[in-house]
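Trainee: Fold the following and give me the result.
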Amino acid sequence: MITIGLTTWTDHPALINHEDRKVELTEYAGYFPVVEVDTSFYGVPRVSTVENWQKSVPEKFQFIIKANKLMTLHDGADVDEYLSDEHRLVFTEFRKMVRPLVKKYQLKTVLFQFPPYFNCEMNNIRYLRDVRVLMSDLPIAVEFRNPSWYDPAVRDETMLYLKKLGMSHVAVDEPSSVPNGVPLVETVTNQNLAVLRLHGQNAKGWVEKGPDWRKKRTLYKYSEAELQTFAKLAQKLESQAEEVCIIFNNNGGRDAAGNALRLKEILGINFDGLGPLQLGLF
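Mentor: A predicted model of the protein is given here:
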């Protein structure tokens, strides 16, 4: 099964042909069966907020929830502070927050997108194990943003480690030639779910340091040829996992929705009647 979605649901005017207002979740859910939520990175949402999301979508709609910045060590914590009381508390709050989604099989996975300075060293390798313990049996997807995890000397071990931890490796499309750019590695580490996140190939914007750096790095529109390539890749991954979930994040110029809808056409996907991903990794 191949599913397709976008990062957030609000900033995709192509779905409603209206540039002057944000897209409602109910409108978004008419096009895609999954969405990636990034507000949780900045602050853990209230349970009531999650329950309101659920009221706005079909029963089989699912959410990818981005791990909070403390959980992915974006706060710049020292190694000795990785499991401080503050860090443990946010894990506890996060697990409570996603309970309504787990109960109704609407949590596809929790996305741990680690920062560029989270490199392949022993303390960070241990931290991945700690994440698994703190998250219990919740589904986890890991996106590395430091190329050291993909060094030929350790790549196979990295993938095997994620597999042992029951974590989905996130394959990414991004400029790999820039500092800390990572390659697109197709290895599937969880037979339940493979994840492909598409950030675009704007190499100049990827290293932008200005106030609008987030927008500029994802300012990219995929060509027809690139989408055809992703369709073939998704079909290849589908032979190794029960589900392949493709998330478009190339929305600096609001191109993600159009690209996603076109990929849906190429693959001939009809999202009606899709069953939920069953949790339970071990």
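Trainee: Can you tell me which helix or strand of this protein has the lowest average pLDDT?
Mentor: One helix or strand of the chain scores below all others by mean pLDDT, DSSP states H and E: helix 213-217, with a mean of 76.
Trainee: So which elements touch that one?
Mentor: helix 203-206 (3 or more C-beta pairs under 8 Å, 6 or more residues apart in numbering; DSSP states H and E). Where C-beta positions appear, they are placed from N, C-alpha and C, glycine not excepted.
Trainee: For the helix it packs on, which residues meet the burial criterion?
Mentor: Across helix 203-206, burial judged by 16 or more other C-beta atoms under 10 Å covers 205, 206.
Trainee: Export only the CA atoms of that helix, formatted as CSV.
Mentor: The C-alpha coordinates for helix 203-206 follow below in CSV (Å, rounded to 0.1, in the frame of the first residue of the first chain):
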residue,chain,number,x,y,z
ALA,A,203,20.8,23.5,-2.9
LYS,A,204,21.2,27.3,-2.6
GLY,A,205,18.2,27.6,-0.4
TRP,A,206,19.3,24.7,1.8
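Trainee: re the thing from before, buried residues, the least confident helix or strand of the chain. List them.
Mentor: 216, 217.
Trainee: Can you name the next helix or strand after that helix?
Mentor: Of the helices and strands lying after helix 213-217 in sequence (DSSP states H and E), the nearest is helix 224-238.
Trainee: what number of residues lie near the residue lying closest to residue 170 once chain neighbours are set aside?
Mentor: Closest residue in space to residue 170, ignoring its immediate chain neighbours: residue 143 at 3.8 Å, by C-beta to C-beta, 6 or more residues apart in numbering. Residue 143 has 20 neighbouring residues, counting by other C-beta atoms under 10 Å.
Trainee: Next up, the contacts around residue 143.
Mentor: Applying C-beta atoms under 8 Å, 6 or more residues apart in numbering, we find residue 143 in contact with 111, 112, 113, 114, 170, 172, 195, 197.
Trainee: does the second one have beta-bridge partners, and which?
Mentor: Beta-bridge pairing of residue 112 under DSSP bridges involves residue 142.
Trainee: Give me the distance between it and residue 55.
Mentor: Using C-beta to C-beta, to the nearest Å, we find residue 112 at a distance of 27 Å from residue 55.
Trainee: So for these two, which sits in the more crowded spot?
Mentor: residue 112 (22 against 8).
Trainee: any idea how far residue 144 is from the more buried one?
Mentor: When residue 112 is compared with residue 144 (using C-beta to C-beta), they lie 9 Å apart.
Trainee: picking that back up, of the contacts of residue 143, which pair is most distant in space?
Mentor: Farthest pair in those (C-beta to C-beta) is 114 and 195. Separation: 14.2 Å.
Trainee: who has more neighbours, those two?
Mentor: residue 195 (26 against 22).
Trainee: now the contacts of residue 143 as TSV including distance to residue 226 and pLDDT?
Mentor: TSV is the format used below for these (distance: C-beta to C-beta, whole Å; pLDDT from 0 to 100):
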residue	distance to residue 226	pLDDT
111	23	98
112	26	98
113	22	97
114	26	96
170	18	98
172	14	97
195	18	98
197	14	98
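Trainee: show me where the stretch 51-200 of the chain has helices.
Mentor: For the stretch 51-200 of the chain, applying DSSP state H, counting those that start in this stretch gives helices covering 85-103, 122-135, 155-164.
Trainee: Show me where the stretch 1-150 of the chain dips below the pLDDT cut-off.
Mentor: 76-82 (pLDDT under 70).
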